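[1] Please work out how this folds:
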Amino acid sequence: MMRKVLITGGLGYLGGRLAQFLASQKSYEIFLGSRRQTQSPSWLPQAKVVRTYWDSPRDLQEICSDADTIVHLAGMNAQDCAADPAAAMEVNAAATTRLLQAAIRQRVKRFIFMSTAHIYGSPLTGAITEETKPTPIHPYALSHKAGEDAVLASHQIGEMAGIVIRLSNAYGAPVDRDVNCWMLLVNDLCRQAATSGRLVLRSAGLQKRDFISLHDVVRAIKHFIDHHVDKYGDGIFNLGAEATYRIIDLTELIARRCEVVLGYRPEIERPDPVPGESYPELNYKINKLKKTGFSLNGNIENEIDVTLRFCYKKFNELT
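    As a prediction, the model looks like this:
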C-alpha cells in the first residue's frame with residue numbers, strides 16, 4: 001500500500017534526510033512542505049513540493065488533503081527562538097495548532113510532531129524518561145511544549161493519532177550544503193575539520209550530551225508512520241541514542257575519524273578546564289520506544305565519516 005506523507009520543513013535538515021530515506025523504500029508518496037520553493041529539489045526530483053502558507057487555515061487544509069500522515073518538522077531553531085520568543089510561540093505553537101486543525105478536518109490519520117529533549121529543562125541531567133516532569137526554560141523548549149500540548153490533546157480525545165517525539169542531539173550530513181544545520185555541534189566540528197584542519201571549542205568540552213545519528217532518527221520516524229496506532233499509548237516518546245559523550249571525547253573521535261577518512265588529524269583548540277569543573281551524568285532513556293519494537297542500529301563512526309566526506313567535498317568546492 002502506498003502511504004502518502006506530507007513532511008513540513010521537507011527541504012530542511014531532518015526533512016530532507018527523511019524524504020530521501022522514505023523515497024528509497026518505494027512505498028511512499030512524498031509531499032514536501034516549503035514556505036518558499038515550489039520546484040522539486042535536485043536531490044529528490046520525484047517528490048512534490050507544496051507551498052505552505054502558515055497563516056491561512058484554508059491553504060493548510062488544502063495541503064493536507066492528499067496526506068494520510070503528516071510529519072511536522074517545520075519550526076524555528078533555538079537561536080532564532082532566543083532572539084524572538086514571541087515569534088517562537090507563533091511558529092512552533094500557533095502554526096502547529098493551525099496545521100493540526102487542518103489535518104483533523106481533512107481526516108489525516110496520524111500527526112507526528114518533532115519536539116525536543118530540552119522540554120525537560122536545561123541542562124539535561126540524570127535519568128530522563130517520558131515520566132520526567134517537563135520544566136522548559138528556553139523559548140525554543142517553551143514553544144515546543146505548547147505545540148506538544150495541542151497534538152496530545154487531539155490524540156487524547158480521539159480526533160487523530162498524535163505522536164510527539166522528544167529528540168535529543170541529532171547529527172549527520174544534510175542533503176544539501178546550504179541546509180541550515182551547521183550550528184549543530186557535530187556538524188560544525190566536521191565542517192571545521194574539513195575546511196580549516198582545526199577543531200575549535202569555546203569551552204573545555206566537559207559537558208555531557210546524548211547524540212543520535214540521523215540514520216536512526218529517520219528510521220524511528222518511519223517506524224511511527226508504519227506502526228499500528230494502538231501502540232502509541234499517550235503518544236509521547238523520547239528519541240536518543242542512549243549514548244552520552246563528553247563534548248571533548250566526541251571532538252577527539254572526530255579528529256581520529258578525520259585522520260582515517262581525510263588523511264590528516266586536526267588540532268583541537270579549547271580553553272583549559274576550570275579547577276574542579278565537572279558535569280553530572282545524563283541517561284536519556286528510550287525504553288518506551290523500544291517496547292514498540294524499534295531498535296537502534298546507527299553507527300557513530302559511520303555517520304561522522306559520511307559527514308566529514310560531505311563537508312570536504314561540498315565546502316572545498318568554494319575555494
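
[2] Residue 75: what secondary structure?
    coil (DSSP: H, G, I helix; E, B strand; the rest coil).

[3] Leaving out sequence neighbours, find the closest residue to it.
    Take residue 75 and drop its neighbours on the chain: the residue closest to it by C-beta to C-beta, 6 or more residues apart in numbering is residue 92, 4.7 Å away. Just so you know, the C-beta spots here come from the backbone N, C-alpha and C atoms, and that holds for glycine as well.

[4] got a list of what that neighbour touches?
    75, 76, 81, 140, 143, 144, 146, 147 (C-beta atoms under 8 Å, 6 or more residues apart in numbering).

[5] quick one: residue 231 and residue 296, what's the gap?
    Per C-beta to C-beta, to the nearest Å, residue 231 is found 18 Å from residue 296.

[6] now residue 163
    18 Å.

[7] Tell me where the stretch 1-150 of the chain has helices.
    Secondary structure of the stretch 1-150 of the chain (DSSP state H, counting those that start in this stretch): helices located at 13-23, 57-64, 78-83, 85-89, 95-105, 139-156.

[8] right, so of those, which gets closest to residue 181?
    For the helices of the stretch 1-150 of the chain, the distance to residue 181 is smallest for helix 13-23, at 4.0 Å, taking C-beta to C-beta.

[9] hang on, the earlier thing: if you rank the contacts of residue 92 by neighbours, which is first?
    When these are compared by neighbour count (other C-beta atoms under 10 Å), residue 144 ends up highest, at 31 neighbours.

[10] so who does it touch?
    75, 92, 93, 115, 116, 118, 119, 136 are the contacts of residue 144 under C-beta under 8 Å, 6+ apart.

[11] which among those residues gets closest to residue 30?
    residue 75 (19.4 Å).

[12] so the closest one touches residue 9, yeah?
    Yes: the criterion here is C-beta atoms under 8 Å, and residue 75 meets it with residue 9 at 6.9 Å.

[13] Identify whichever of the helices of the stretch 1-150 of the chain lies nearest to residue 282.
    Comparing the helices of the stretch 1-150 of the chain by C-beta to C-beta, helix 139-156 comes nearest, at 16.0 Å.

[14] Backbone dihedrals for residue 167, please?
    With angles defined as degrees, to the nearest 10, residue 167 sits at phi -90, psi 140.

[15] show me where the stretch 201-319 of the chain has strands.
    Here the stretch 201-319 of the chain has its strands, by DSSP state E, counting those that start in this stretch, at 208-213, 236-239, 244-246, 267-269, 282-284.

[16] How about the last one, which residues are buried there?
    By neighbour count on 16 or more other C-beta atoms under 10 Å, the buried set for strand 282-284 is 282, 284.

[17] Give the partner strands of that strand in its sheet and their orientations.
    Next to strand 282-284 in the sheet, as set by DSSP bridges, lie strand 126-128 (parallel).

[18] Only the buried residues of the partner strand, if you could.
    Neighbour-count burial for strand 126-128 [16+ other C-beta under 10 Å]: residue 128.

[19] Now, of the contacts of residue 144, which are buried?
    The neighbour-count test (16+ other C-beta under 10 Å) applied to the contacts of residue 144 identifies 75, 92, 93, 115, 116, 118, 119, 136 as buried.

[20] Which of the contacts of residue 144 sits closest to residue 64?
    residue 75 (17.4 Å).

[21] Contacts only, for the closest one.
    9, 91, 92, 96, 114, 143, 144, 147.

[22] The second one and residue 143 touch, don't they?
    By that I understand residue 91. Yes: with contact defined as C-beta under 8 Å, residue 91 counts as touching residue 143 (7.3 Å).

[23] can you list residues touching both of the two?
    Overlap of the contact sets of residue 91 and residue 143 (by C-beta under 8 Å, 6+ apart) consists of 75, 76.

[24] picking up where we left off before, save the helices of the stretch 1-150 of the chain as a markdown table, and put in distance to residue 46 too.
    Shown next, in a markdown table, are the helices of the stretch 1-150 of the chain (distance: least, C-beta to C-beta, whole Å):
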| stretch | distance to residue 46 |
| --- | --- |
| helix 13-23 | 7 |
| helix 57-64 | 18 |
| helix 78-83 | 31 |
| helix 85-89 | 34 |
| helix 95-105 | 24 |
| helix 139-156 | 29 |
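
[25] And the ones you listed: which comes nearest residue 238?
    Of those, nearest to residue 238 by C-beta to C-beta is helix 139-156, at 12.5 Å.

[26] Between helix 95-105 and the closest one, find me the angle.
    20 degrees (axes from the mean of the first three to the mean of the last three C-alpha atoms, to 10 degrees).

[27] how about the helices of the stretch 1-150 of the chain in TSV, adding mean pLDDT?
    As requested, the helices of the stretch 1-150 of the chain are arranged in TSV below (pLDDT from 0 to 100):
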stretch	mean pLDDT
helix 13-23	96
helix 57-64	94
helix 78-83	94
helix 85-89	96
helix 95-105	96
helix 139-156	96
